[in-house]
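Student: Okay, sequence plus prediction incoming.
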Protein chains: 2
Amino acid sequence: MTTTPSPLAAFAERERLKLLAALSEWLRIPSISTQPEHAADCRRAAAWIAARLERLGFRVETIETGGHPILWGVGPEVPGAPTVLCYGHYDVQPADPLGEWVSPPFEPTVRDGNLYARGTADDKGQVFTVVAALEALVASRGSLPVNVRYLIEGEEETGSPGLTDLLTREPERTRADAVLVTDVNIVAPGRPSVDAALRGIVHAEIHVRTLQADLHSGIYGGAAPNAIETLWHLLEKLKGADGRIRIPHFYDRVKRPTAKELAAWRSLPVKEKGFREEAGAKALVGEKKYGFLERVWSRPTFEVHGIVGGYTGAGSKTVIPAEATAKISLRLVPDQRGKEAAAQLVQAVKRAAPKYADVSVKVFSSVDPAQTKLDSPAYAALDRAFREVWGRGIAPIRSGGSIPIVPLLQQRSQAVLLAGIGLPDDRLHAPNEKLTLEQIWKGIVLFGRFFELLSTENRSQ
Amino acid sequence: MTTTPSPLAAFAERERLKLLAALSEWLRIPSISTQPEHAADCRRAAAWIAARLERLGFRVETIETGGHPILWGVGPEVPGAPTVLCYGHYDVQPADPLGEWVSPPFEPTVRDGNLYARGTADDKGQVFTVVAALEALVASRGSLPVNVRYLIEGEEETGSPGLTDLLTREPERTRADAVLVTDVNIVAPGRPSVDAALRGIVHAEIHVRTLQADLHSGIYGGAAPNAIETLWHLLEKLKGADGRIRIPHFYDRVKRPTAKELAAWRSLPVKEKGFREEAGAKALVGEKKYGFLERVWSRPTFEVHGIVGGYTGAGSKTVIPAEATAKISLRLVPDQRGKEAAAQLVQAVKRAAPKYADVSVKVFSSVDPAQTKLDSPAYAALDRAFREVWGRGIAPIRSGGSIPIVPLLQQRSQAVLLAGIGLPDDRLHAPNEKLTLEQIWKGIVLFGRFFELLSTENRSQ
């Protein structure tokens, strides 16, 4: 049996090489938002996608922030059609440890049907797929079926300070019939899903100073306070080996998922063994009384992302280090609050700090966790689009990740859809990040059909 | 009242500028033995001091090792006179953190009567002072009063592997009437002292791997094992916040100092407040039941010198780190043994390591603690030389530092003298290491008189 491909699928098929070349061009720009030396690259990455939207007839406003600019793209007006607000980001995580990349992070490379580069799945590749879907619609129908607003920021990986300001000042920008946030993945290959909740996050850094300068450990060892030792004892007071976070009142607002949610999660094709293997771990760890999906989707965390102190060069140097630093985060779940958790952390560090040390904790940003509504016309349209393209409807799951801006995107629309085409093994934030090419080609059809179905099923009120 | 300076003091006075220029030239060579890129500098530093000895009529043998060469200098024969073996090292510690040096570590600079540079006190400046004393003797007497052997190694800061091999193979080299080890300081300004015991040391590195690669902390946080967290829990199991080392049987062989020793230490002009201020600490820490001098001189330690893991660049990166490393040392006291303590550490790490992690501990070197004899003619000669030059005799104290080679230097001579002219605030191994110029000028007279007195008081048997 042969089937005639839909016009959208035909576009994806026909334009494949051109699209791949274009996406690769965008990925080559190292738009690392956390590193000041890449500020110009962030601006170049913004300009690149702005030009792509302008080719589709968008008016693109570049909104300056204290950091990297926000793009606000307004598509050609489609009178009477619903309005969809799309959200994505052009900034990426740092690429180190560089040595672990098979191909360089900013030289996009295709291997085994995957496109490898920093930013493929998180999030340039997904934004590009939505934009390609819009291009496919224009190519096949002559115009877009819905009113599209595209909000693309460059500070997602640093807590979205600029966009937070903007949407706090101007919440009307979020008025839409649906909000599509393509900064997530589906739960398993062939198993479409939408994230019904996201964890929030508090970014912070703990710094310990015990001495004016490093000392000789022979002369002072046994009496002078060691900053690294002070830091590890402090961390031990904040989180035990049992996986329990020891910050007072930290768990007070944590809401357990419903029995129905937990049952749905158990039926997913995501099993502990596979998850563990994908993680590259010998065993999973954490709070014993919760299942692994419950731990990553609905339990808060205390994680140390980086630690440094003392002599870390070649060979040995017998100093008592004067300073040590740990970069940490707290992941938060409904109904915890970002600012409250940050204050609890600061308080706990203060209480745990010994008198002999100067201990400071710097909170960089805090983001509330989010929960979204799943019974909107937009959800129905996306569900139908997935059924057509993937042969299967949406499973409502959760995400352990954080998208700082989601709580603000919900200000004027309940129909927020956290729906992407990434896969769970895309290695976001890690070496060898990738996006599977087949997901891009199917994603173009998916998003195109979503816009079409939304237009016919849900006329703007 | 005016006094005529002794010929030795006159030499020190007259040659001051030339000596300072020469020492500065030596200090400018960054002979950092732990860093392979400085291997050629180590060789240059060795050649520099060899040439200086040769000018005094020494035959200098350069003995190759697996690492940096050893110098074996044999002075002109003085028939019937006693033989003194002098020991020192031309290698230095790394200089970082560079930002904390007031003047660059390898640009010797005089400020407030001190000479600042890496290697001034530890140990180039002290070796230079002994060599200058020999020069003063030749200048004032025409020849040396004793037979001198000079052993100068370039691997003291890396555990003296080459010299250990040499002296194990050829213990006869240590046959002497006295051994002078000038790699120590006096206990306080104006208060001459000799170290009656040294701590031993085990250098090691603990490495933890929990994952094949770093992971996204949103996706895996709560279930995937974090290498930094694993490391801190492990360190907590090895040493508690009470300062007690938790390695099984680690304290079994620890011998407390005698009541007489403890009483002598209490009479020293070294008080807790001054020691704390000199350390640049708000408070001293450690095992509560021992006084501060007892802790640094006669208690073993577990110290972390450096720690690194995960993301340590600018900004934040929300990874679960796959790897973390800590550089550590154990300081040992009589009657602990280096190899035994190293084995206890390895065993304790293995026992404390969780099953989900790959934990390895690499032992780089181990050195036994040492105790020396204080009732020899050489001790009496040094005591008299100190009385003449400093106006005060020797206080027998201890040192918390380690000199890897001392136990081997004791093989054929009981009269080992650990006596230097450094001061306690010389900041060995730390930024702004210095040697006080006045100590050098007085040290030249001191060592010159020591050799003269030894020659008259103790004819070789």
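Tutor: All right, it came through fine. Numbers count the residues shown, from 1 in each chain, chains lettered A, B, ... in the order given.
Student: Look up how far chain B lies from residue A:11.
Tutor: 32 Å (Cβ to the nearest Cβ, to the nearest Å). For glycine as for every other residue, the C-beta is placed from the backbone atoms N, C-alpha and C.
Student: give me every residue that touches the residue of chain A most remote from its centre.
Tutor: Residue farthest from the centre of chain A, counting by Cα atoms, centre = their mean, is residue A:219 at 48.5 Å. Taking Cβ atoms under 8 Å, 6 or more residues apart in numbering or on different chains as the contact definition, residue A:219 lies against B:296, B:399-401, B:424, B:428.
Student: restrict those to contacts with chain A.
Tutor: With Cβ under 8 Å from any Cβ of the partner chain as the criterion, these include B:296, B:399-401, B:424, B:428 near chain A.
Student: sorry, back to before: filter the contacts of residue A:219 down to the ones in helices?
Tutor: Among those, DSSP state H puts residue B:296 in helices.
Student: Which elements pack onto the helix or strand harbouring residue A:385?
Tutor: Applying DSSP states H and E as the criterion places residue A:385 in helix A:377-390. In terms of contacts (3 or more Cβ pairs under 8 Å, 6 or more residues apart in numbering or on different chains; DSSP states H and E), helix A:377-390 is packed against strand A:178-181, strand A:416-418, helix A:437-457.
Student: how far off helix A:437-457 does it point, in degrees?
Tutor: For helix A:377-390 against helix A:437-457, the angle by axes from the mean of the first three to the mean of the last three Cα atoms, to 10 degrees is 140 degrees.
Student: neighbouring contacts of helix A:377-390?
Tutor: Residues outside helix A:377-390 that contact it (Cβ under 8 Å, 6+ apart): A:84, A:177-178, A:190, A:192, A:194, A:373, A:392-394, A:415, A:417, A:419, A:442, A:445-447, A:449-450, A:453-454, A:457-458.
Student: ok, of those residues, which come out buried?
Tutor: Among the contacts of helix A:377-390, those scoring as buried are A:84, A:177-178, A:192, A:194, A:394, A:415, A:417, A:419, A:442, A:445-447, A:449-450, A:453-454, A:458 (criterion: 16 or more other Cβ atoms under 10 Å in any protein chain shown).
Student: and the nearest residue to residue A:154 once chain neighbours are set aside, what is it in contact with?
Tutor: Computed as Cβ to Cβ, 6 or more residues apart in numbering or on different chains, the closest residue to residue A:154 that is not its neighbour in sequence is residue A:68, at 3.2 Å. By Cβ under 8 Å, 6+ apart, residue A:68 lies in contact with A:31, A:33, A:39, A:42-43, A:46, A:91, A:153-155, A:162.
Student: rerun that using 10 Å as the cut-off
Tutor: The contact partners of residue A:68, taken as Cβ atoms under 10 Å, 6 or more residues apart in numbering or on different chains, are A:31, A:33, A:38-39, A:41-43, A:45-46, A:89-91, A:153-156, A:158, A:161-163.
Student: now, which of these lie within strands?
Tutor: If you go by DSSP state E, the contacts of residue A:68 have A:89, A:153 in strands.
Student: Let me see the domain layout of chain A.
Tutor: In the domain annotation for chain A, the residue ranges read A:7-198+A:369-457, A:200-254+A:300-366 (automatic domain parsing).
Student: could you redo those domains as a markdown table and give each row mean pLDDT?
Tutor: Converted to a markdown table, the domains of chain A look like this (pLDDT from 0 to 100):
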| stretch | mean pLDDT |
| --- | --- |
| domain A:7-198+A:369-457 | 95 |
| domain A:200-254+A:300-366 | 96 |
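Student: Can you name the next helix or strand after the helix or strand harbouring the residue farthest from the centre of chain A?
Tutor: Using DSSP H and E, the element containing residue A:219 is helix A:217-220. For helix A:217-220, the succeeding helix or strand toward the C-terminus, using DSSP H and E, is helix A:227-238.
Student: hmm, that next one touching chain B?
Tutor: Yes: judged by Cβ under 10 Å from any Cβ of the partner chain, helix A:227-238 comes into contact with chain B at A:227-238.
Student: ok, now stretch A:87-106?
Tutor: Yes: Stretch A:87-106 reaches chain B (Cβ under 10 Å from any Cβ) through A:93-97, A:100-101.
Student: Please state the offset of that stretch from the chain centre?
Tutor: Put simply, stretch A:87-106 sits 14 Å off its chain's centre (Cα atoms, centre = their mean, to the nearest Å).
Student: Please identify the buried residues of that stretch?
Tutor: Quick answer for stretch A:87-106 (16+ other Cβ under 10 Å): A:87-97, A:101, A:105-106.
Student: Please provide the alpha-carbon coordinates for that stretch, formatted as PDB.
Tutor: Only the C-alpha atoms of stretch A:87-106 are listed here, as PDB (Å, rounded to 0.1, in the frame of the first residue of the first chain):
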ATOM      1  CA  TYR A  87       8.000  30.200  23.000                       C
ATOM      2  CA  GLY A  88      11.600  29.000  22.700                       C
ATOM      3  CA  HIS A  89      15.200  30.100  23.400                       C
ATOM      4  CA  TYR A  90      18.300  30.700  21.300                       C
ATOM      5  CA  ASP A  91      20.800  30.400  24.100                       C
ATOM      6  CA  VAL A  92      22.600  27.200  25.000                       C
ATOM      7  CA  GLN A  93      24.500  25.700  27.900                       C
ATOM      8  CA  PRO A  94      28.300  25.700  28.100                       C
ATOM      9  CA  ALA A  95      29.900  22.800  26.300                       C
ATOM     10  CA  ASP A  96      32.500  21.500  28.700                       C
ATOM     11  CA  PRO A  97      33.800  19.000  29.400                       C
ATOM     12  CA  LEU A  98      34.900  19.500  25.800                       C
ATOM     13  CA  GLY A  99      37.100  16.300  25.800                       C
ATOM     14  CA  GLU A 100      34.000  14.100  26.100                       C
ATOM     15  CA  TRP A 101      32.400  15.300  22.800                       C
ATOM     16  CA  VAL A 102      32.800  12.800  19.900                       C
ATOM     17  CA  SER A 103      32.500  15.700  17.500                       C
ATOM     18  CA  PRO A 104      33.000  19.400  18.500                       C
ATOM     19  CA  PRO A 105      30.000  20.900  20.200                       C
ATOM     20  CA  PHE A 106      29.700  23.800  17.700                       C
END
